[in-house]
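# dropping the sequence and predicted coords here.
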Amino acid sequence: MQRAVKYIICTFLATVFLTSCGDGVSLQRYYVDNQESKNFITQDIPLSMVDIDKSTFTEEQLEAYNSVNKLNFLGYKSNETDLESYNLEVAKVKTILKDSKYNDLMEFSDKGNKIFVKYVGDDDEADEVIVFGSSEDMGFGIVRILGNNMNPEKMITLIDAFQKANVDENQIQDIMNFFK
């Protein structure tokens, strides 16, 4: 009898442990799995290393900027000979971002490229903000914006400010060279 009880308890604990781990693919797992793969580049960028003129920021933009700690970038470089791999990788990312934990924040086009902005968290505070943009000519990039007390609505204004800002390209030269 004792042996049967031990067996049942061990089976139950193993089931709980294995179920809680899950094997769903997350964006973080996708980063880790591809950080050293062919055609990929990753870069962690502390926001303090990005020199941007904040003098034109509104109070909301400045508050959003100060709530960000770092940016995690993952890029995929496409090439004409292997569009199938590019399309497969884009499909993987889009599948991950369709998960209900990713809330839509905004969508826009920039120079003909579609860009999606999503966030994890609630309407008052985002745990992370994700920017995903793709182009068959160049590839795609995903930026995970990580910080504290990030407000999704204020992050929209910050993204708008970054679009209009003059960012010193020398700071992101490795990324720019990768896509050439």
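Received the coordinates, thanks.

# from now on I want contacts and neighbour counts done on CA atoms only, so please keep to that.
Noted.

# now do the SS call for residue 140.
strand (DSSP: H, G, I helix; E, B strand; the rest coil).

# roughly how far does it sit from residue 61?
26 Å (CA to CA, to the nearest Å).

# again with residue 33
Residue 33 is 34 Å from residue 61, by CA to CA.

# and the two? Which one has more around it.
In terms of neighbours (other CA atoms under 10 Å), residue 61 is the more surrounded of residue 33 and residue 61; the figures are 21 against 10.

# list the buried ones in the helix or strand hosting residue 92?
Using DSSP states H and E, residue 92 maps to helix 83-97. Neighbour-count burial for helix 83-97 flags 86, 89, 90, 93, 96, 97 (criterion: 16 or more other CA atoms under 10 Å).

# which strands and helices sit next to it?
For helix 83-97, the packing partners by 3 or more CA pairs under 8 Å, 6 or more residues apart in numbering; DSSP states H and E come out as helix 27-34.

# the helix or strand following the helix it packs on pairs with which strands, parallel or anti?
Note on helix 27-34: by DSSP H and E, the next helix or strand toward the C-terminus is strand 40-46. Neighbouring strands of strand 40-46 in its sheet, by DSSP bridges, are strand 68-77 (antiparallel).

# hang on, the earlier thing: pull the residues that contact the helix holding residue 92.
With contact meaning CA atoms under 8 Å, 6 or more residues apart in numbering, helix 83-97 is reached by 25, 26, 27, 76, 78, 118, 134, 136, 139, 140.

# give me the pLDDT for the residue nearest in space to the middle of the chain.
Nearest to the mean C-alpha position of the chain, by CA atoms, centre = their mean, lies residue 144 at 3.2 Å. Per-residue pLDDT puts residue 144 at 93.

# alright, calling it a day.
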